[in-house]
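Trainee: Quick one, fold the following:
(2 chains)
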Amino acid sequence: DTGVSQDPRHKITKRGQNVTFRCDPISEHNRLYWYRQTLGQGPEFLTYFQNEAQLEKSRLLSDRFSAERPKGSFSTLEIQRTEQGDSAMYLCASSSLRDEETQYFGPGTRLLVL
Amino acid sequence: GENVEQHPSTLSVQEGDSAVIKCTYSDSASNYFPWYKQELGKGPQLIIDIRSNVGEKKDQRIAVTLNKTAKHFSLHITETQPEDSAVYFCAAGDYKLSFGAGTTVTVRA
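Mentor: You can find the predicted model right below:
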């Protein structure tokens, strides 16, 4: 069990650019979650998938954000036309079918929008 | 939606002493209450959790208590060590977690 992995770990971009992050969940975990964490705060729920289906999206997820999990394994989170307010740590977590509530987090992708 | 409040925001303890962090939640439908430890530059690490049908759970030096009637739960760390220094987050929910703002714990050697 290698844990949840995220790539890249850090991303610096200019305002208006598009960015894409990848998350690889723990093997055979059917649920995958995305959270956003700003400095000094706890993670905030963005969206989650059960297998390839996106079941819920937070109001925090504006139209510029899109997430996919095409084959029910890895997931991508894309932010279009980035804004300075998008600067944050983007965290991915996964949970198994047998214990859906217990979420294991990856190391996160830290985004800085200049 | 769920609202989780966490206190204190910072906590400094002498090595060997105990640390207590308290959280309250608003949604009575929440039935899962995990605690995470986050070190600088890393993702949150699950350290202990409790479900609504249990009042207390202990794992070595860490214990969590839950009072569903009062909608509050607490984390207790005994015999603190320098490696316990980190930011601790409580959370409440089920498939979707709402987190507190975190407690920065510093263990003085």
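Trainee: Look at the residue of chain B found nearest chain A and report its pLDDT.
Mentor: Per Cβ to the nearest Cβ, the residue of chain B with the smallest distance to chain A is residue B:99, at 2.9 Å. Every C-beta, even on glycine, is put in place using the N, C-alpha and C of the backbone. Predicted confidence (pLDDT) for residue B:99: 98.
Trainee: ditto for residue A:1
Mentor: The confidence metric pLDDT takes the value 54 at residue A:1.
Trainee: Which residue lies closest in space to residue A:51, excluding its sequence neighbours?
Mentor: Nearest residue to residue A:51, sequence neighbours excluded (Cβ to Cβ, 6 or more residues apart in numbering or on different chains): residue A:72, at 4.0 Å.
Trainee: now swap in residue B:61 and tell me
Mentor: Nearest residue to residue B:61, sequence neighbours excluded (Cβ to Cβ, 6+ apart): residue B:78, at 4.9 Å.
Trainee: Contacts only, for that neighbour.
Mentor: Contacts here follow Cβ atoms under 8 Å, 6 or more residues apart in numbering or on different chains; on that basis residue B:78 touches B:18, B:61-63.
Trainee: residue contacts, the residue of chain A found nearest chain B?
Mentor: As assessed by Cβ to the nearest Cβ, chain B sits closest to residue A:42 within chain A, at 2.9 Å. For residue A:42, the residues meeting the contact criterion (Cβ under 8 Å, 6+ apart) are B:4, B:6, B:89, B:91, B:99-102.
Trainee: mind listing which of those residues are in helices?
Mentor: Among the contacts of residue A:42, no member falls in helices (criterion: DSSP state H).
Trainee: so what's residue B:91 closest to, chain neighbours aside?
Mentor: Nearest non-adjacent residue to residue B:91 (Cβ to Cβ, 6+ apart): residue B:97, at 4.2 Å.
Trainee: residues contacting the one you found?
Mentor: Listed by Cβ under 8 Å, 6+ apart, the contact partners of residue B:97 are A:43, A:45, A:103, B:32, B:34, B:91.
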